Each structure stands twice: as structure tokens, then as C-alpha cells.
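# Curious how this folds, go ahead:
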Amino acid sequence: MPYQDAFSLLEQDPLFSQTQVNTAQLGVPDEMFNGWQQTLDLLSEIVDTPAILIMRVTDKDISVFTSSQHPDNPYKRHDTEGLGHGLYCETVIKNQSELVVPNALKDKEWDSNPDIKLGMIAYCGLPLTWPNGDPFGTLCMLDNHERDYGRTFRHLLARFQNAINANLASLYQSAKLLHLNQILETKVQERTLELTKLSKKLLSEIEHRTAIENSLQFHKDHDPLTGLANRLGFINQLSQQLSQADELNTYVIYFGLRNFKSINESYGYVIGDKVLQLFSQRIKGILHKDNLFARIAGAEFVIAHRGTNPLELPLINSIIQTANIPFALANFSINIPCCIGVAIAPTDAQDAAELMQKAGAAMSISKSDGTPYSFFNKLTQTNIERRCLLESHLVDALKNQELSLHYQPLFSLQHQGVIGAEVLLRWHSPLLGNVPPDQFISLAENNGQIIAIGNFVLHTAIEQAAQWLCRDPSQQFRVAINISPLQFRDVDFADYIANLLSLYQLPPSSLELEITEGVLLQDEQLAKHIIDRLQTLGVKISLDDFGTGYSSLSYLQKYSFDTLKIDRCFITNLEKNEQDRELTRAIIAMGKKLTLNVIAEGVETQAQDDFIRQEECDFGQGYLYGKPTDAISFERCYLTNKQIDG
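Sure, this is the predicted structure:
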């Protein structure tokens, strides 16, 4: 059972809910404390501020719980100050909100603050709170010169605040469970002396188990974030509804919020989750009590509506209007339009799962065409049939030698030359023509073919790189290969790579394996073991699509990487979007601080090239430097009579 679900069930028990914990007596384990300390030091380097502190408060005073290790930091661990003197942190704790003071000397409210005596005039702080509402203290940044701590740095601090609050919740729940366990043990000892109460205890246990089973069933059929039915629960409910014999049509309305990924990237997952909760509440407000409503996945929802209207446009328009109302959160006004697909029973299908699939396919058409909504029709059916066609032909594509590799040059901005290539998979089908990778890679991962295809890519690319190096052993050249999460799940993957390097006599330093957050999410312990083993061999490891994942920053603490690849979504909008420029600048600076190579993907214009050069990015990749091409053309254009210098 997931950790959060287990606590959700326990909190239904009155004994658990009434158990109180004295948070003032709770300590922080060394492992957790060391993790906080490492993150403080990393943030201090990234933000370039001398003092980043975690403060802990008592009834009478507040003290430095831990402090960033910076030569200009005047605060030491265990430094203590009494309350009631107008401290920055005291205000943060009292108001339970963020406080930013760019320059206390210019601010009448803060020009007498005690921290000014230590030279600290700039402040940015966030509250840290136990789950029962007791204040733990604050997380804050201070500087000896005026600073307004921009959105990017405040966003990083808020991410760390969320992580610390999650740690505090874990400590609190553990202490609560320990205390509860002691209470239960005492009760068991007492009840063993009273055999007459055994039957009552057994009955209570049975009732408790029944409640847990009912709760488990609820979590099985419902989404924990919104409380709506999930995919399984919706299909079960819709199947029962479709079994009713009447003349009404059932409209399955499948809708999703457009570009929701950008909300998580720009504002954080806390805001993203809040948007989903508010949106689901808004939709509930426009539905009839007989409508079925569910959250399927991510920012995708589905409604089942019974009626006689041929199109049911009023409900569809209400959904669109509801989505178009801005969300006011954390001083932001967030607009997220939606796209809608509709399938009708019994016209389009009579099976619940098939109806939902067809409504989802219609939504995909709405999303790609940019239209507000789309009904399932022959075109939608054609797209479904094409997917089936792709799946059937992909099965034999490798055997029929329809798959090949292209190579896109990796350009050194310092040495002004090609120092390697990223390997890209291509599929040319005699019947279907050239099939884009984004159409067949996901299919291969779903049906398990990605293992065989991935092995083909590794064999072919390593053999080709070995041939190029054999012609000029003095060259410093490397090939970068994307690795699927399914490949990385194999405990013998590192040994497989070692055997390939030995077979083709390719130096390990000439191979770079690119992994994404999806690889690390599978099994963190296994992922760390494989990464360590590969780096011991001498193979380079690159974290691909950096900046788009929820935990990318934390991964830099947990794992050892050689390279960061900035996702192309940041590079594409460099010339138009100030936030993307700041984030790109921050990622490059962070990579430099951590002595990692940084690659900018998707460079297509001279302006983009000028920007990453100015920020001292190491490498560039994109159409500006060269498009993907086959091995023969790559050798002719980039290797023949050219010295490759890394």
C-alpha cells in the first residue's frame, strides 16, 4: 500500500487522530540533517548569497538550526535570539507567509532590525510548519547588499521549503505512530487479563478491517488529488449505466487542459495540483447529479451524460467557458483553455472502455487541430486504424531491416568543431514511408519491442563509432545514445554495455548514455547502482531534458552525472521569453558550479547561439550546426579531413 494511502486510512481511526505529539521534543535524524545541509550549500552557490539558514523556534527564542557554509556568513549553528525584537523570521512565522525585504536600510518597517548589526540587509524567508500546524521555524536567505531575490531563486527556495515540510510530516507521523503503538501495546496487555473481553476485541478488529477494506476499495476506484472517480471507477460506473435499456444516448465527453505541462514548469507542481483541484470543483458545479465525472490522468477528465440532444452543445460550451475563467493563485492569473472530444453510445460504441478510447481519440484531434471540441468520426477512426497499422508493421520492422540510425553533430562552442554525435533512430517502411520517431517509439515501449530495438541501436552505434575512431585513433569523439527506462531496468545492463565496448573495441569515454527522469523514477536504488557501474567503466552519463521534470534538481544530489542537456523548450523561446532566458542562464551556471558539461538542444538561430556562447555553455546541438544524417553523409560532412578535438 502506498505510504500516503496508509496514513490516510490510519487517520480515520479516532485513537490515531486524537494522539498528540509534542513537536518541541522531536529531533531531526542525522541523515535528514545532512541532506538539508547539502542542499543549503548548493542553494548558496546557485543563488550566490552568503547566508541561507534553517531556523527553529521555541516559545521564547529562535535559533540557527543549520546554516550554509560560506565565508561571509555571520550566522553559526545554535546562535540564538530572543523573540519580540522585530526579527524577520518572527514575522514570517507569525504571518505564515513569504517575506522579502530587498534593503532593510531603505525600509522604515525594518531599518531597526537586529540583523542589520551583522551586515545583513536583504532577506527572503518562508515558514516551515509541522503537519499539526505548530511552527518549526523558517527557511531564509540573507545578503549583505540590496537584493530583490527574483522569481527563479524564490522558486528554488519554495521547492526546498516543500521538501523540508514533507520531511517534517514524515517525522511527525512516525512519532505519532510510535506513540500510538505504545498505547496499543498497553491496551493489549490489559486486555489479556480479561478473557471475557476477547470476543468484543475480535468484533472490533473485524469492523476495523472492514473499514480498511472499504477505504482500500475507495482508493482503488478514486483519484486521491481530486476525490473524483479514476479510470477504473469510471469504466465500472459507465458499464452499469450502459446496461440500462432506454432510448437515451450516452455522451462521453473527454477533455484536457491544454499545455498543462507548462504550468508545472512555470509555477511548480503545488500550483499545478491546486489548479486541477479548483478546475474539478468548477466542473462539478455545472453538472447534473446523474452525470458521471472522473479524472483519467494528469490534466485529463471525462464526463458521461445521458440525454436526447443530438450534440449536447450546452454542456460542452459550459465546460469551455468554465476552463476559460482565469485561476487566481499565488498572485498569478493563470489561463488554461481546454480541448474536448466526444463519443456517443450506441452510435460510436456500446462498450464503456471503447467509448472512452474513442472520445480520447477525438480529443487528440481537437488538440492537434486547435479546435475547441471534436466529435468522434471517420477521420478519428482513421487515426486509430493508423496506430493499429503502425503497431502491426513495427513488429517486423527490425527483422526486415527497416530501422536505421542517423547522427546529429554535437558542436563544441569553445573549439568551434564537431566533437561527437547524438544517435537518432529512423524507420522507413516500404508501405508507410518515413515514420517519425514520436509515432513509433512510444508504441515500441508499450509492446516491449523497445528492448530489441534498443539493443540494435547500441550495437550499430558503438560499432560505427569504433570504425570512425579506428581510422584516426587520435580523435576525441563520442556518440550519445538515448536509453529507454525499460532497458535501464535490467540489472545486467552495465555488463551488457561493457561486453559491447569490448566486442567493438570502443573506448568507454567515447560513449555517452542519455537518460531522462523516467529512467530514475523506476527504481532509484537500481538506477544509482547502474549509473555508478557505468561510470566506473568510464562511460559518460547525461541527464536529458533537464529542467522539465519535477525532481531534476534533487537528482543532482542523488546521482552522479557528467552532462546536463537543457531541454529544447527553453532554447526555442530564448529570443521571446525572459523567463526562459533566466532559467537557461541558471541551468548553465549551475552546471558550471557542479563541474558538469552543459549541452543546449534545439539551437536553430544565430541569436540562440550567441546567447549560449555568452553564458559559456559547453556544447550546442541543433539545425544551426547540422541536421541528422546517415553515417556516410555524417562522415563526409564532419569527419573527413577534419581534426576532432574535445
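# I would like the residues contacting the helix or strand that contains residue 503, please.
Using DSSP states H and E, the element containing residue 503 is helix 493-504. The contact list for helix 493-504, computed with C-beta atoms under 8 Å, 6 or more residues apart in numbering, reads 458-459, 462-463, 465-466, 487, 490, 506-508, 511, 513, 530, 533-534, 537, 539. C-beta coordinates here come from the backbone N, C-alpha and C atoms, glycine included.
# Are any of those residues buried, and if so which?
Neighbour-count burial (16 or more other C-beta atoms under 10 Å) is assigned, among these, to 458, 462, 465-466, 487, 506-508, 511, 513, 530, 533-534, 539.
# Mind checking which of those residues land in helices?
Those of the buried ones among the contacts of helix 493-504 mapping onto helices are 458, 462, 465-466, 487, 530, 533-534, per DSSP state H.
# and which of the buried ones among the contacts of helix 493-504 is nearest residue 151?
The nearest member of the buried ones among the contacts of helix 493-504 to residue 151, counting by C-beta to C-beta, is residue 513 at 33.7 Å.
# Quick one, grab the pLDDT at that closest one.
You'll see residue 513 listed with a pLDDT of 95.
# State the mean pLDDT of the helix holding residue 503.
For helix 493-504, the mean pLDDT works out to 95.
# Please apply the same query to stretch 183-192.
When pLDDT is averaged over stretch 183-192, the result is 73.
# May I have it as CSV, with CA atoms only?
The C-alpha coordinates for stretch 183-192 follow below in CSV (Å, rounded to 0.1, in the frame of the first residue of the first chain):
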residue,chain,number,x,y,z
ILE,A,183,-0.7,2.9,23.7
LEU,A,184,-1.9,-0.1,21.8
GLU,A,185,0.7,-2.4,23.5
THR,A,186,-0.6,-1.2,26.9
LYS,A,187,-4.1,-1.9,25.9
VAL,A,188,-3.3,-5.4,24.7
GLN,A,189,-1.5,-6.2,28.0
GLU,A,190,-4.6,-5.1,29.9
ARG,A,191,-7.0,-7.0,27.7
THR,A,192,-5.1,-10.2,28.0
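# Look through the chain and tell me its longest helix.
As assigned by DSSP H, the longest helix anywhere in the chain is helix 151-192.
# Quick check: which helices or strands does it pack against?
Applying 3 or more C-beta pairs under 8 Å, 6 or more residues apart in numbering; DSSP states H and E, one finds that helix 151-192 contacts helix 14-18, helix 30-47, strand 122-129, strand 135-143, helix 552-558, helix 578-593.
# can we see that at 6 Å?
With contacts defined as 3 or more C-beta pairs under 6 Å, 6 or more residues apart in numbering; DSSP states H and E, the packing partners of helix 151-192 are helix 30-47.
# Give me the next element, helix or strand, following the helix it packs on.
Helix 30-47 is succeeded, C-terminally, by strand 51-57 (DSSP H and E).
# Relative to that next one, what are the paired strands and their orientations?
Paired strands of strand 51-57, with direction, are strand 61-67 (antiparallel), strand 135-143 (antiparallel) (DSSP bridges).
# Now the shortest one: buried residues?
Same thing as strand 61-67. Residues 62, 64-67 are the ones in strand 61-67 that count as buried (16+ other C-beta under 10 Å).
# for stretch 48-65, same thing?
Using 16+ other C-beta under 10 Å as the test for burial, stretch 48-65 gives 49-57, 62, 64-65.
# now do stretch 358-368
Under 16+ other C-beta under 10 Å, the buried positions of stretch 358-368 are 358-367.
# coming back round to it: what would the buried residues of strand 61-67 look like in a markdown table with distance to residue 448 and pLDDT?
Formatted as a markdown table, the buried residues of strand 61-67 follow (distance: C-beta to C-beta, whole Å; pLDDT from 0 to 100):
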| residue | distance to residue 448 | pLDDT |
| --- | --- | --- |
| 62 | 56 | 92 |
| 64 | 54 | 94 |
| 65 | 49 | 94 |
| 66 | 47 | 94 |
| 67 | 51 | 94 |
